[in-house]
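Novice: A structural model of the following input is requested.
(one chain, ligands or ions: 2)
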Amino acid sequence: MTRLTKHLLTLSAAAGFGLASIGTAFSAESLEDVMKRRGLTEKDILAAAKTYTPTGGRDEFVVFSSGGQSGQLIVYGIPSMRILKYVAVFTPEPWQGYGFDDESKAVLAQGKINGTEINYGDTHHPAISETNGEYDGEWLFINDKANPRIAVVDLKDFETKQIVVNPIMKSEHGGAFVTPNTEYVIEATQYAGPFSNDFVPLSKFNDEYRGAVTYWKFDREAGRIDPAQSFSVELPPYSQDLSDAGKLVSDGWSFTNSFCTERYVGGIERGRPPFEAGCSQKDTDFLHMINWKKAAELVAAGKATKINDHDVIMMDTAVAEGILFLIPEPKSPHGVDVSPDGKYIIVSGKLDTHASVYSFEKMKALIDAKDFAGTDPYGIPILDLKKSLHTQLQVGLGPLHTQYDSKPCVVYTSIYVDSQVTKWDYCEGKVLDKISVHYNIGHLMSMEGDSVSPKGKYLVSLNKLAIDRFNPVGPLHPQNHQLIDISGDKMELLYDMPLPLGEPHYAVAISADKLKPKVRYKSGWDSRTDQRSPHRTLPGRERTEVVDGVTHIYGTLIRSHITPEIIEVEEGSTVSLHFTNVERAEDETHGFAIRGFDINLSAEPGKTVSATFKAEKPGVYPYYCTEFCSALHLEMQGYLLVTPKGYTAEGVALQEGQTYTEEDYTKQVETVNATQAVIDSVVQYITARNFKDFPPVVAMVEDATDQLNFAEEAKTKTEEFAAAKDWQNATLWAQQWFQYQVKAADIGLRAKTYLDQNGAKVVNQ
Ligand code: RUQ
Ligand code: CUA
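Specialist: Ligands and ions are numbered 1, 2, ... in the order given. Next up, the predicted model:
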């Protein structure tokens, strides 16, 4: 018996066939013993019970957190806080093949700045697409603060599909925020700069440096941002900061705050007081209020100016047309958050202890009555602070961001300096509760908190420092996301999650049932363009074609072989590999790694991936599948042979390591027959049950049937060679036949386990 057959028989025994399984020795410790041994309180146990998710369990919410400078997106579940995925966005990530296959390289290349490849991004604020102000779970947008860019991630496969570079900004921060029907994705400047790409001296700061808000048009049909339909509104060189879109009553407007409206330019090395000092002299900065619906009409009416081939509504037009206003806001504000009903806008100043609640109704009335307190140096009308306010409340030292609860009037504000979250009532203007967090909270996030109907329940505190919370891992600490239960009157801290990717700023959480990601791609799919790949290959159609001097290898990947297994090219050839994963099974991803070419591919079921490179140096380059996909995964291998110029093969026949006899052949056939018996019993078990009621099992049965069909083909070849008494090839093909059986049996046993665990019923015996 081969090791594999033994393993298979053990598996079938464990699954309930043949041998009875041996009972597990349970630990004798009681809950009390464990609590004592680990020093846990009853409160700890309650927190554990609220977050612990048993095997196979699902989370109620899925979080998309910015991965900060890692340029990635972090996906985790609530309440378990288990990390589910890192999505590569602005940064190459080899496991996903991102930045290593031709298809994703093309996405990253969209993000070049002045022709320079940018291989990181400072991601800050993710936003989920909305329909009528509700998260719809279809798309996600995230910004790169450092190289003003926005990326589009498809939540059908959690892949980055597009990167757009802001045509006029030199820095940004206030993105990505979406309008209530995802008409636009908002991006606002941070540090002012000239719109042109030319050098402009700082002495011209007031006149030629500018801020802006860009409204990127999202084309839902295409699933892409349409730069040609996007536009910007020119703003003064104030450091614009975060933004938010109005909703319901305030739909059509967007709000962007700012700091350093002093327009101070530092230069310590030139003997000037630093930015820090000059940017915090005034008591107030400005909240910008822009009517984006009207702005879009102005662009359509041809009132925009083309700058770098992009439509910009200049400030004088914006003022003349009444789409741009300023409202003072307390010193160096940071967060601006519109209430679910769109009636209020809460702003907090980093250097002020107050949160300010603005009334949209009051602001709108002032605008309609043309009741302005004055204009700024650029002629933009300013609304009176007092007349615009609903209320102001002392919430703590260094308030930053505010999130809304499902309970009316209840909000949570992050208090950076105090390391606290303050729960307060913004209608009545009173503090309800405070909780300490660890440490120095930046953003905070409630479930679906940016939508028109927040779900409450949980709050996550995204802390800037972790300090002493975890086992030390060197001077660079992990990030600390803390889960807080907000369902009761008092906030309860439930969980500390160390995040080893930094530095996350904002995160968004969506009800898990709104996400409908696919299990596999349509066969031969280019996941980055969302079209069938021109390089897709069907099994049996693998081939080599030389077009315009490029050697194209059209190959396939399936358990457990890469076709072709031997590629031979002459030194200096340009090679373009195209691999299609022809699996239909769930979670049967194959990878492709090869020595020396910086190529590492990931092909999920159905996907076609390509890699183009120059085979410069003659030599032997082994390649293999990097995903442990099957028992003979290590055998999923091949050789790229780069022959020296003018090389001609001599002694063409391969040397076989082993010679097989009729006896070997008979033994192999016996193994095959024993395996078939296991398969038959599993098939009988499954078909006796209502397996068709379980879609994952139906998919597994489909896959197992595929494998058995391949087994049938191998069987035919085996018998042909046996009839010709070619025991060498007959034995090898019988071995291949067995390999397909193993795969089918493996899937069958998985299907059986699934049926057992999900209460399948016997329907026919
Ligand atoms: S920002 S906290 Cu983009 Cu608040 Cu970082
Ligand atoms: Cu495919 Cu390992």
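
Novice: Now the phi/psi pair for the residue in the stretch 101-250 of the chain that ligand 1 sits nearest to, please.
Specialist: Using C-beta to the nearest ligand atom, residue 124 is the residue of the stretch 101-250 of the chain that sits closest to ligand 1, at 3.5 Å. Backbone N, C-alpha and C define where each C-beta goes, glycine included. With angles defined as degrees, to the nearest 10, residue 124 sits at phi -120, psi -60.

Novice: what about the nearest residue to it once chain neighbours are set aside, helix or strand, and which?
Specialist: Excluding the flanking residues, the one nearest residue 124 by C-beta to C-beta, 6 or more residues apart in numbering is residue 505, at 4.2 Å. In the assignment (DSSP states H and E), residue 505 maps to no helix and no strand.

Novice: My guess is the residue of the stretch 101-250 of the chain closest to ligand 1 contacts residue 506. True?
Specialist: Yes - Residue 124 is within contact range of residue 506, at 6.1 Å (criterion: C-beta atoms under 8 Å).

Novice: Mind jotting down where the helices sit in the stretch 651-765 of the chain?
Specialist: For the stretch 651-765 of the chain, the helices defined by DSSP state H, counting those that start in this stretch cover 662-687, 695-723, 727-757.

Novice: Deepest-packed of the ones you listed, please.
Specialist: Highest mean neighbour count among the helices of the stretch 651-765 of the chain (mean count of other C-beta atoms under 10 Å): helix 727-757, with a mean of 22.

Novice: That one - what's its average pLDDT?
Specialist: For helix 727-757, the mean pLDDT works out to 91.

Novice: Could you name the helices and strands sitting against that helix?
Specialist: Under the contact criterion of 3 or more C-beta pairs under 8 Å, 6 or more residues apart in numbering; DSSP states H and E, helix 727-757 touches helix 3-14, helix 662-687, helix 695-723.

Novice: For the helix or strand hosting residue 364, buried residues please.
Specialist: Residue 364 is part of helix 360-368 when elements are defined by DSSP H and E. Neighbour-count burial for helix 360-368 flags 360, 362-364, 366-367 (criterion: 16 or more other C-beta atoms under 10 Å).

Novice: List just the nearest of those to ligand 1.
Specialist: Distance to ligand 1 across the buried residues of helix 360-368 (C-beta to the nearest ligand atom) is lowest for residue 360, with 22.4 Å.

Novice: who's in contact with that closest one?
Specialist: By C-beta atoms under 8 Å, 6 or more residues apart in numbering, the contact list for residue 360 reads 246, 249-250, 253, 342-345.

Novice: Next, give me the two most distant ones among those residues.
Specialist: 253 and 344 (12.9 Å; C-beta to C-beta).

Novice: So which elements touch the single longest strand found in the chain?
Specialist: When the chain is parsed with DSSP state E, its longest strand is strand 134-144. Packing partners of strand 134-144 (3+ C-beta pairs under 8 Å, 6+ apart): strand 123-131, strand 149-154, strand 507-511.

Novice: For residue 47, find the nearest of the ones you listed.
Specialist: Of all the helices and strands packed on strand 134-144, it is strand 507-511 that lies closest to residue 47, at 18.7 Å by C-beta to C-beta.

Novice: after the closest one comes which helix or strand?
Specialist: Following strand 507-511 in sequence order, the next helix or strand is strand 525-526 (DSSP H and E).

Novice: ok, how many other residues are close to the residue of the stretch 101-250 of the chain closest to ligand 1?
Specialist: For residue 124, the neighbour count with other C-beta atoms under 10 Å is 25.

Novice: what does the one 10 residues further on give?
Specialist: The tally of other residues near residue 134 (other C-beta under 10 Å) stands at 16.

Novice: so it bridges to which residues?
Specialist: Taking DSSP bridges as the rule, residue 134 bridges to residue 131.

Novice: quick revisit: which residues do residue 124 and residue 506 both contact?
Specialist: Going by C-beta under 8 Å, 6+ apart, residues that sit against residue 124 and also against residue 506 are residue 66.

Novice: Now render the helices and strands packed on helix 727-757 as JSON lines, adding mean pLDDT.
Specialist: Putting the helices and strands packed on helix 727-757 into JSON lines (pLDDT from 0 to 100) gives the following:
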{"stretch": "helix 3-14", "mean pLDDT": "51"}
{"stretch": "helix 662-687", "mean pLDDT": "93"}
{"stretch": "helix 695-723", "mean pLDDT": "91"}
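
Novice: so where's the chain shaky on pLDDT?
Specialist: Residue ranges of the chain with pLDDT under 70: 1-27, 651-652, 765.

Novice: can I see the domain layout of it?
Specialist: Here the domain parsing of the chain from automatic domain parsing is 525-643, 661-757.

Novice: Of all these, which one is nearest ligand 2?
Specialist: Nearest to ligand 2, of all these, is domain 525-643, at 3.2 Å by C-beta to the nearest ligand atom.

Novice: Please say whether there is contact between that closest one and ligand 2.
Specialist: Yes - using C-beta under 6 Å from any ligand atom, domain 525-643 comes into contact with ligand 2 via 590, 625, 627-629, 633, 636.

Novice: what's the span of that domain from first residue to last?
Specialist: 32 Å (C-alpha to C-alpha, to the nearest Å).

Novice: Figure out how far that domain is from the centre of its chain.
Specialist: Averaging C-alpha positions (C-alpha atoms, centre = their mean, to the nearest Å) puts domain 525-643 25 Å from its chain's average.

Novice: what do you get for stretch 455-471?
Specialist: Relative to its chain's centre, stretch 455-471 lies at 20 Å (C-alpha atoms, centre = their mean).

Novice: From the buried residues of helix 360-368, pick the one nearest residue 739.
Specialist: Ranked by distance to residue 739 (C-beta to C-beta), these are led by residue 360 at 66.9 Å.

Novice: circling back to that earlier point, just put the helices of the stretch 651-765 of the chain in TSV and tack on distance to residue 424.
Specialist: Shown next, in TSV, are the helices of the stretch 651-765 of the chain (distance: least, C-beta to C-beta, whole Å):
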stretch	distance to residue 424
helix 662-687	57
helix 695-723	46
helix 727-757	46
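
Novice: And these: which comes nearest residue 271?
Specialist: In terms of C-beta to C-beta, the element of the helices of the stretch 651-765 of the chain nearest to residue 271 is helix 695-723, at 69.5 Å.

Novice: on contacts alone, who are the packing partners of the closest one?
Specialist: Helices and strands touching helix 695-723, by 3+ C-beta pairs under 8 Å, 6+ apart, are helix 662-687, helix 727-757.

Novice: hmm, back to that, can you tell me which of the contacts of residue 360 lies closest to residue 213?
Specialist: The nearest member of the contacts of residue 360 to residue 213, counting by C-beta to C-beta, is residue 253 at 11.5 Å.

Novice: Quick one: residues contacting the residue lying closest to that closest one once chain neighbours are set aside.
Specialist: Distances taken as C-beta to C-beta, 6+ apart put residue 246 closest to residue 253, at 4.0 Å, once the chain neighbours are dropped. Listed by C-beta under 8 Å, 6+ apart, the contact partners of residue 246 are 252-255, 338, 342, 360.
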